[in-house]
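In: Okay, here's the prediction I keep looking at, along with the sequence it came from:
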Amino acid sequence: MNIVYITGSRADFGRMTFILRGLKEHQLSIIVTAQHLQEKAGKTITEIEKDFPIAATVDMTPPDDTTAGMAHALSAGISGMTTTLKKIRPDMIIVLGDRSEMLAGAIGGYFLNIPVWHIGGGFTTGSVDDRIRHTITLFSTYHLVANETCRKKVISLGADEKKTFVVGAPDLEAIRLKDYSAKETLIKKYSIGKEKIVLVSFHPDTDAPDNTQQMAALLDALREIDAQYIITTPNRDAGGDAMERILEKHRLPHAEVFKNIPYKDYLGLMANASAIIGNSSAGIIEAPSFGLPAINIGNRQRTRERAGNVIDVPADKKAITKALDTGLSNSAFIKKARDAKNPYGDGNTSKKAIDLISRWKR
């Protein structure tokens with residue numbers, strides 16, 4: 001089969017690696033777009049070129065750091081994806097998650113009558129991501145979801161239950177197989193030492209009017225607690241540039257900022273960290289599999305199903321400081337996080353997904 005996967009960032013590409021490797025027996029190629037092509041995000045297209053053929057690139061760079069800019073980028077993406085898919089004419093398109101580049105591909109595929117396989121539908125976070133994710137579901141034909149809760153949600157949106165399958169979250173496979181960077185490698189690359197390591201990933205919440213204030217509150221809180229902070233820059237959603245400027249202005253001691261951390265390194269850092277803080281889905285989905293305390297700030301993930309490793313706090317300095325101190329020092333909570341059961345599957349996703357895709361006949 002001629003299969004196309006659409007990727008927009010290191011986050012989705014890292015999560016899909018095992019499934020993509022398993023589909024290499026087919027005519028698999030990648031459409032690369034969005035953050036992969038942007039210098040500000042580390043231009044990570046080079047990571048893809050090492051292992052997979054690239055069918056095309058589609059520019060979806062927002063014209064400015066606003067929600068209107070995001071809408072313009074989506075418009076460009078729909079046009080570019082449709083033109084590209086019309087030339088390639090794959091047998092199927094695979095998309096993951098809730099990003100606008102995936103929506104652009106799903107819309108293009110729908111109108112070209114190309115079946116779309118959506119991985120990761122049915123999550124509910126309480127943010128604008130829900131609207132994008134659920135709309136991708138509406139334009140998709142087949143659905144590979146993380147758990148029964150997600151399956152019920154996807155079917156409630158109108159998906160055919162005979163074309164909706166529970167396979168688990170692809171995020172967890174590398175963790176199960178320990179397919180991540182070794183501590184010795186991370187010591188050399190990130191200078192991690194004997195201090196407690198805290199991963200910081202804080203992204204714009206496009207429903208919130210005060211992303212820069214939230215970022216400032218987080219950084220002020222981090223200044224209160226001694227740890228080694230490894231910080232990823234915000235993603236390129238509206239407000240990300242302004243948040244990055246705050247990050248540059250509020251330099252922290254014992255902190256390093258990275259535009260791009262390869263997924264294997266990020267998982268390796270999680271394996272060696274004492275906590276993760278911010279509003280990334282990594283604290284909700286991957287962190288429980290490491291028994292890692294996660295401090296989740298604000299509303300970006302507010303209704304996503306979570307395990308017992310998560311402490312939810314508002315974007316307030318005192319609340320963040322208290323929660324991080326609990327995550328790092330409270331033995332009862334640390335044990336609770338260590339014993340948490342991950343609600344997103346057992347880490348055997350790729351075999352289930354590859355079997356379903358490979359057995360498909362148009």
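Out: Good, I have the coordinates. Because the structure is a prediction, the values reported are computed rather than measured. Numbers count the residues shown, from 1 in each chain.
In: who's in contact with the nearest residue in space to residue 321 that is not next to it in sequence?
Out: Counting by Cβ to Cβ, 6 or more residues apart in numbering, residue 221 is the residue found nearest to residue 321 once chain neighbours are left out, at 4.4 Å. (C-beta placed from N, C-alpha, C; glycine too.) Applying Cβ atoms under 8 Å, 6 or more residues apart in numbering to residue 221 gives the contacts 317-318, 320-321, 324.
In: Check what pLDDT residue 221 gets.
Out: At residue 221, the model reports a pLDDT of 98.
In: Pull out the CA atoms of the helix or strand hosting it and give them to me as PDB.
Out: Assigned by DSSP states H and E, residue 221 belongs to helix 211-222. Taking Å, rounded to 0.1, in the frame of the first residue of the first chain, the C-alpha atoms of helix 211-222 are listed here in PDB:
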ATOM      1  CA  ASN A 211       0.000  33.300  28.700                       C
ATOM      2  CA  THR A 212       2.900  35.700  29.500                       C
ATOM      3  CA  GLN A 213       1.700  36.200  33.000                       C
ATOM      4  CA  GLN A 214       1.400  32.500  33.500                       C
ATOM      5  CA  MET A 215       4.900  31.900  32.200                       C
ATOM      6  CA  ALA A 216       6.200  34.600  34.600                       C
ATOM      7  CA  ALA A 217       4.400  33.000  37.500                       C
ATOM      8  CA  LEU A 218       5.900  29.600  36.700                       C
ATOM      9  CA  LEU A 219       9.500  31.000  36.400                       C
ATOM     10  CA  ASP A 220       9.100  33.000  39.700                       C
ATOM     11  CA  ALA A 221       8.000  29.800  41.400                       C
ATOM     12  CA  LEU A 222      10.900  27.800  40.000                       C
END
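In: Quick one: name whatever helix or strand follows that helix.
Out: By DSSP H and E, the next helix or strand past helix 211-222 is strand 228-232.
In: what ranges do the strands span in the stretch 51-200 of the chain?
Out: Listed in chain order, the strands of the stretch 51-200 of the chain (DSSP state E, counting those that start in this stretch) span 54-58, 92-96, 116-119, 142-145, 164-166, 197-201.
In: So which of the contacts of residue 221 is the closest to residue 85?
Out: Residue 85 has its nearest neighbour among the contacts of residue 221 in residue 320, at 43.6 Å by Cβ to Cβ.
In: Point out where the protein drops to low pLDDT.
Out: Residues of the chain meeting the criterion pLDDT under 70: none.
In: And it, what are its domain boundaries?
Out: Using automatic domain parsing, the domains assigned to the chain come out as 2-169+345-358, 183-338.
In: For stretch 348-355, buried residues please.
Out: Across stretch 348-355, burial judged by 16 or more other Cβ atoms under 10 Å covers 349-350, 352-354.
In: Apologies, that question was intended for stretch 35-52.
Out: 35-38, 41-42, 44-45, 47-48, 52.
In: tell me which residues in the helix holding residue 221 are buried?
Out: 211-212, 214-222.
In: Provide a list of residues in contact with residue 219.
Out: 246-247, 250, 252.
In: In TSV: those, plus neighbour count, secondary structure and distance to residue 358.
Out: Formatted as TSV, the contacts of residue 219 follow (neighbours: other Cβ atoms under 10 Å; DSSP: H, G, I helix; E, B strand; the rest coil; distance: Cβ to Cβ, whole Å):
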residue	neighbour count	secondary structure	distance to residue 358
246	17	helix	47
247	23	helix	44
250	15	coil	50
252	16	coil	48
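In: measure residue 229 to residue 249 for me?
Out: With the distance defined as Cβ to Cβ, to the nearest Å, residue 229 ends up 16 Å from residue 249.
In: now the strands of the stretch 51-200 of the chain as a markdown table including mean neighbour count and distance to residue 268?
Out: Below are those laid out as a markdown table (neighbours: other Cβ atoms under 10 Å; distance: least, Cβ to Cβ, whole Å):
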| stretch | mean neighbour count | distance to residue 268 |
| --- | --- | --- |
| strand 54-58 | 19 | 26 |
| strand 92-96 | 26 | 22 |
| strand 116-119 | 26 | 24 |
| strand 142-145 | 26 | 26 |
| strand 164-166 | 18 | 28 |
| strand 197-201 | 23 | 11 |
